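J.: need a structure here:
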Amino acid sequence: MGISHYIKEIGRGKDGARALTREQAADLMGQVLDGAVSDLELGGFCLAMRIKGETPEEMAGFLDATHARLKRVPGNGKPIVVLPSYNGARKLPLLTPLLALHLARRGAAVLVHGTATEDKRVAAEAVFDALGVAPAAAHVAAIAPGACAFVPTPVLLPGLKRLLDVRRAVGLRNPGHSLVKLMNPVDGPALIVGSYTHPEYALSMAATFALTGAHALLLRGTEGEPVADARRQPRIEAFRDGQRIERIAAQDGPLARLPELPAIDAVSTAAYIRAVLDGHIPLPAPIARQADCILAEVNAHETVNA
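T.: Numbers count the residues shown, from 1 in each chain. Below you'll find the model as predicted:
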């Protein structure tokens, strides 16, 4: 069918554009993910949505299409912690792998998924590679409690990688960059740790989590990564069955002391992570509190479903 009729609706400018229904959004995204649209249509869709912005109903429809096509990671009966890693490091070290491996050390099953979306940032795959953690290949095995797996986006859904790569051509984010932080790539229970950089995305992501009934945590992460800023505690909210609860309040006031952090390159970051995991350097307090919060949510989910 093509998506030109949808572009006409969403591409009338900020004030004239019309929102799609959840069903229309699912049909549109399904065609995008299936590779059924031309590069020109794909670029038009991305630019139109960038100007208009996504509604929670549209994002829920995009998620419906994505979940129907994902090569999901097998569940294991217990909630798997999902850490979407797409922003990478530009000014601060990428400590998402530290959070993931720390959670695994404490008995959680952890899935990190992602891909590099900008060439000038350090991506999670580079840090995991420096740590000796190989990415998952075509077959994604179940993740046992106490284990951590990194799954590149193309393994989950090649069409999603194509959507994200539009940013390299036009220099702007598109719905795919929010979508990957909201989706559940697990065939079973999961706790999604979502993150944002700008306040408007906090509102839209929260509304989408509530609308879809996701089990999730939401915080302003480090440069958009799902790990707490090692220097200052961010607010963390929990979502479960449409309910929204503050779990950790944001830290106010001046910082009394800054933690010692590594350079942002992958090798230095990996060495720092090893030192923390080996007990030579303390785990930054905000990340420790975030990990406690994540494990409490996982345990609460297990208790409710027992």
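J.: tell me the secondary structure for Ala296?
T.: helix (DSSP: H, G, I helix; E, B strand; the rest coil).
J.: Which pLDDT value belongs to it?
T.: pLDDT, Ala296: 96.
J.: Please report how far the nearest residue to Arg220 once chain neighbours are set aside lies from Val227.
T.: Counting by Cβ to Cβ, 6 or more residues apart in numbering, Pro234 is the residue found nearest to Arg220 once chain neighbours are left out, at 4.7 Å. Any C-beta I mention is one placed from the backbone N, CA and C, and that applies to glycine too. Distance from Pro234 to Val227, counting by Cβ to Cβ, to the nearest Å: 10 Å.
J.: out of these two, which sits in the busier spot?
T.: Val227 (29 against 20; other Cβ atoms under 10 Å).
J.: in a helix, that's where that one is, yeah?
T.: No: going by three-state DSSP, the assignment for Val227 is coil, not a helix.
J.: right, and it touches Gln290 too?
T.: Yes: with contact defined as Cβ atoms under 8 Å, Val227 and Gln290 form a contacting pair (7.1 Å).
J.: shared neighbours, these two?
T.: Leu99 (Cβ atoms under 8 Å, 6 or more residues apart in numbering).
J.: pLDDT weak spots in the stretch 51-200 of the chain?
T.: Residues of the stretch 51-200 of the chain meeting the criterion pLDDT under 70: none.
J.: who touches both of Pro234 and Val227?
T.: Residues touching both Pro234 and Val227 by Cβ under 8 Å, 6+ apart: Gly221.
J.: you'd agree Arg247 is in a strand?
T.: Yes: under three-state DSSP, Arg247 sits within a strand.
J.: Contact partners for it?
T.: 217, 236-238, 293, 296-297.
J.: what does Ile264 give?
T.: The contact partners of Ile264, taken as Cβ under 8 Å, 6+ apart, are 89-94, 122.
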